[in-house]
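1. dropping the sequence and predicted coords here.
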Amino acid sequence: MTTTRPVTVVAEGFTYTEGPRWHDGKFWFVDFYTYSVNVVHPNGTVEQVAEVPQQPSGLGWLPDGRMLVVSMKDRKVLRQEADGSFAEHADIAALSTGHANDMVVARNGQAYVGNFGFDLMGGADHETAAVVLVNTDGTSQVVAEGLSFPNGMVITPDDRTLIVNELFGNRISAFDIHEDGTLGPRRDFANFGDLGDEPSWHKRVEASTIVPDGLALDAEGAVWIADCAHARALRIAEGGEILDEVSTAPNGVFAVALGGEDGKTLFLCVAPDFDEAARSAVREGQVHAVQVDVPHAGTP
């Protein structure tokens with residue numbers, strides 16, 4: 001199943017790359033422990049375009065072009081104004097039980113934000129978490145609960161379905177999006193087995209077929225996931241069939257995006273592991289790219 005493809009190094013010398021996005025003809029990503037938002041220009045030059053002191057994660061853009069970025073540790077969504085300064089777009093601390101994390105911004109400007117649910121780096125037991133909807137005016141509300149570390153998120157091209165990775169849940173979930181942006185009941189996009197109420201995230205990982213971190217959607221309705229515990233990116237059809245695999249060994253892969261001018265470049269955020277102390281101490285994080293057969297679809 002594993003496909004061997006030529007690998008291009010897009011960016012290197014970072015701590016832990018995340019939040020990959022193809023936007024406005026350029027590739028964007030964050031680096032957790034240099035607190036930076038970065039863009040790769042068409043000539044390959046990497047430029048830092050913003051700094052988020054409380055650690056950046058998910059990226060997206062409002063309809064008017066202003067960038068939104070998740071500020072993880074203070075559990076906020078920031079908005080970059082035209083002059084480059086940041087304003088608080090939403091404070092979701094009261095609705096988040098762990099670090100705010102990945103985000104998808106719908107084409108109408110509404111944003112869906114996940115969170116850890118528990119103190120992962122501090123060694124706490126696993127707890128489920130919510131997905132928060134941030135409206136364009138900055139008001140926010142919980143729209144889904146009981147998810148196991150909701151992580152990578154995408155919206156289908158018709159703007160009617162939100163697909164969410166559950167990192168420690170051994171599954172990918174889907175929700176109908178209502179007219180007001182709220183969500184219907186959770187259903188399986190792909191489910192590889194119920195892990196029950198196991199409190200140890202380590203044991204949950206050991207029992208999982210997939211540990212889905214980053215997420216990207218393609219034009220055939222399949223998703224690419226960063227299977228972060230198994231050093232591979234997987235292409236998975238709705239229902240759970242694994243269609244393709246790209247190995248990133250010896251590195252793990254923690255986020256993916258589809259982009260490039262034809263939408264067929266799969267970007268891979270890779271690092272040896274996701275341990276905060278280890279990653280923040282060295283510059284071993286990179287972004288790789290490989291070519292795939294089916295182009296990007298949906299949002300982001």
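-> Structure's in. What do you need? These figures come from a predicted structure and were not determined experimentally.

2. for stretch 175-184, buried residues please.
-> Phe175, Ile177, Gly181, Leu183 (16 or more other Cβ atoms under 10 Å). Using the backbone N, CA and C atoms, a C-beta is placed for each residue, glycine as well.

3. quick check: phi and psi at the closest residue to Phe192 other than its chain neighbours.
-> Nearest non-adjacent residue to Phe192, counting by Cβ to Cβ, 6 or more residues apart in numbering: Thr209, 3.8 Å away. Note on Thr209: its backbone torsions stand at phi -80, psi -40 [degrees, to the nearest 10].

4. might one say that Thr209 is in contact with Ile172?
-> No. If you go by Cβ atoms under 8 Å, Thr209 and Ile172 don't touch, sitting 11.3 Å apart.

5. neighbour count winner among these two?
-> Taking neighbours as other Cβ atoms under 10 Å, Thr209 and Ile172 compare with Ile172 leading, 24 against 16.

6. any idea whether the more buried one is helix, strand or coil?
-> strand (DSSP: H, G, I helix; E, B strand; the rest coil).

7. now do the contacts for it.
-> 163-166, 188-191, 210, 212, 215, 223, 225, 236 (Cβ atoms under 8 Å, 6 or more residues apart in numbering).

8. so who does the residue nearest to Phe192 touch?
-> Counted by Cβ under 8 Å, 6+ apart, Thr209 has contacts Asn170, Phe192, Gly193.

9. now do it, the pLDDT please.
-> Confidence at Thr209, expressed as pLDDT, is 96.

10. same check on the one 4 residues further on?
-> Per-residue confidence (pLDDT) for Asp213: 96.

11. wait, it touches Phe254, no?
-> Yes. Judged on Cβ under 8 Å, Asp213 makes contact with Phe254 at a distance of 4.9 Å.

12. joint contacts of the two?
-> Counting by Cβ under 8 Å, 6+ apart, the residues touching both Asp213 and Phe254 are Ala226, Cys228.

13. returning to what we had before: just the contacts of Ile172 now: which is nearest Leu59?
-> Closest approach between the contacts of Ile172 and Leu59, by Cβ to Cβ: Leu215, at 13.7 Å.

14. who does that closest one form a beta bridge with?
-> Listed beta-bridge partners, Leu215: Ile225 (assigned using DSSP bridges).

15. can you list the residue ranges for helices in the chain?
-> Applying DSSP state H to the chain gives helices spanning 201-206, 276-281.

16. in this structure, what spans have low per-residue confidence?
-> 1-3 (pLDDT under 70).

17. and for Glu276, the neighbour number?
-> Neighbour tally, Glu276, other Cβ under 10 Å: 16.
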